[in-house]
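> What follows is a protein structure lacking sequence information:
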Ligand SMILES: Nc1ncnc2c1ncn2[C@@H]1O[C@H](COP(=O)(O)OP(=O)(O)OP(=O)(O)O)[C@@H](O)[C@H]1O
């Protein structure tokens, strides 16, 4: 029997509000993401990409359908600790050091009684993570002493500190310049490979989606429906040379046709 998907959306529909003013954000979403898979979601502005991710994070309850996490009914499962969320803009406390910011989710979850294990284990993990994202020497720096790319690396560490199996990333590199974004994409693939996470990634950038993913999900204009799921069977590891491949450029071009 096949393993259960890391996360599955079964007939998920989302309306915000009721009556005439209701917004139909998502319609009939059926999507399975396998354990360890990297899946990107693309679609026109306002089509419901962030809503889909917010539902996966448990921040919104869908108005129809259901979610499964490793085969378990999401509505009755405590997913705290299984899911990490990374937003477009780093959410860091200016008055706390990099090290303290990385530990913040652990402190909050411990306070709420959602996390077990002693603090020392997490303190040691901070050093591993700082090294994983190449921030050695910056553990005692404050966020305003770091570049945008470095700040986003800190948020990646924050999301990895409690070792969730699923990472939800909502345009995490959308506010970075093109060169830094390319560098962060390469680093993310390296982190993904070394940590075996499942990643659900929202982006406006079709080239980024093709470069990173195993599959690209194309949503229609609102209400977001799945228009296509495209397998990206480019060889890995991927690097600057991947972008020179005819297959890479063909895939990007074919996904663009959905937006014309
Ligand atoms: N909390 C909310 N309350 C009411 N409407 C909402 C809420 N969140 C999202 N919406 C609406 O749902 C629709 C989808 O929004 P969403 O942010 O998911 O789209 P998106 O594809 O991520 O957009 P973008 O690419 O511009 O970031 C939009 O019309 C938005 O106004």
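Sure thing, it's come through. The model shown is predicted, which means the values in this text are computed figures rather than measured ones.

> Could you use CA atoms for every contact and neighbour count after this?
Will do.

> Show me which residues of this structure sit near the ligand.
16, 25, 45, 46, 47, 48, 49, 50, 51 (C-alpha under 6 Å from any ligand atom).

> Swap in 8 Å and give it another go.
Within the chain, the positions adjacent to the ligand are 15-17, 23-26, 42-52, 202-204, 222-224 by C-alpha under 8 Å from any ligand atom.

> For PyMOL, write the select line for the buried members of these.
Selecting the buried subset of these in PyMOL, with 16 or more other C-alpha atoms under 10 Å as the burial test, is done by:
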select buried, resi 24+25+26+42+43+44+47+48+49+50+51+52+202+203+204+222+223+224
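
> So which of the residues of the chain next to the ligand sit within strands?
Using DSSP state E, the members of the residues of the chain next to the ligand that fall in strands are 15, 16, 23, 24, 25, 26, 42, 202.

> Distance-wise, check the third one relative to residue 17.
Residue 23 sits 7 Å away from residue 17 when distances are taken as C-alpha to C-alpha, to the nearest Å.

> again with residue 251
Distance of residue 251 to residue 17, computed by C-alpha to C-alpha: 37 Å.

> Residue 50 is in contact with residue 170, correct?
Yes. With contact defined as C-alpha atoms under 8 Å, residue 170 counts as touching residue 50 (6.6 Å).

> which neighbours do those two share?
Common neighbours of residue 170 and residue 50 (criterion: C-alpha atoms under 8 Å, 6 or more residues apart in numbering): residue 202.

> Which residue ranges of the stretch 101-250 of the chain form strands?
Using DSSP state E, counting those that start in this stretch, the strands of the stretch 101-250 of the chain run over 166-170, 198-202, 215-219, 226-231.

> Would you reformat those strands as CSV and include distance to residue 83?
Shown next, in CSV, are the strands of the stretch 101-250 of the chain (distance: least, C-alpha to C-alpha, whole Å):
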stretch, distance to residue 83
strand 166-170, 5
strand 198-202, 10
strand 215-219, 20
strand 226-231, 23
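
> how about these in CSV, adding mean pLDDT?
Output for these, formatted as CSV (pLDDT from 0 to 100):
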stretch, mean pLDDT
strand 166-170, 95
strand 198-202, 97
strand 215-219, 98
strand 226-231, 98
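
> what about residue 257, how many neighbours?
Residue 257 has 8 neighbouring residues, counting by other C-alpha atoms under 10 Å.

> again with residue 116
For residue 116, the neighbour count with other C-alpha under 10 Å is 10.

> Identify the residues contacting it.
Each residue near residue 116 by C-alpha under 8 Å, 6+ apart is listed here: residue 110.

> And it, how close does it get to the ligand?
Going from residue 116 to the ligand by C-alpha to the nearest ligand atom, to the nearest Å gives 32 Å.

> just residue 67 next, same as before
17 Å.

> mind showing which ranges of the stretch 1-150 of the chain have poor pLDDT?
Within the stretch 1-150 of the chain, the stretches with pLDDT under 70 are 1-2, 80.

> Who are the contact partners of the residue nearest the centre of the chain?
Geometric centre of the chain, nearest residue: residue 169, 2.1 Å, by C-alpha atoms, centre = their mean. Under the criterion of C-alpha under 8 Å, 6+ apart, the contact list for residue 169 reads 53, 85, 86, 87, 88, 199, 200, 201, 202.
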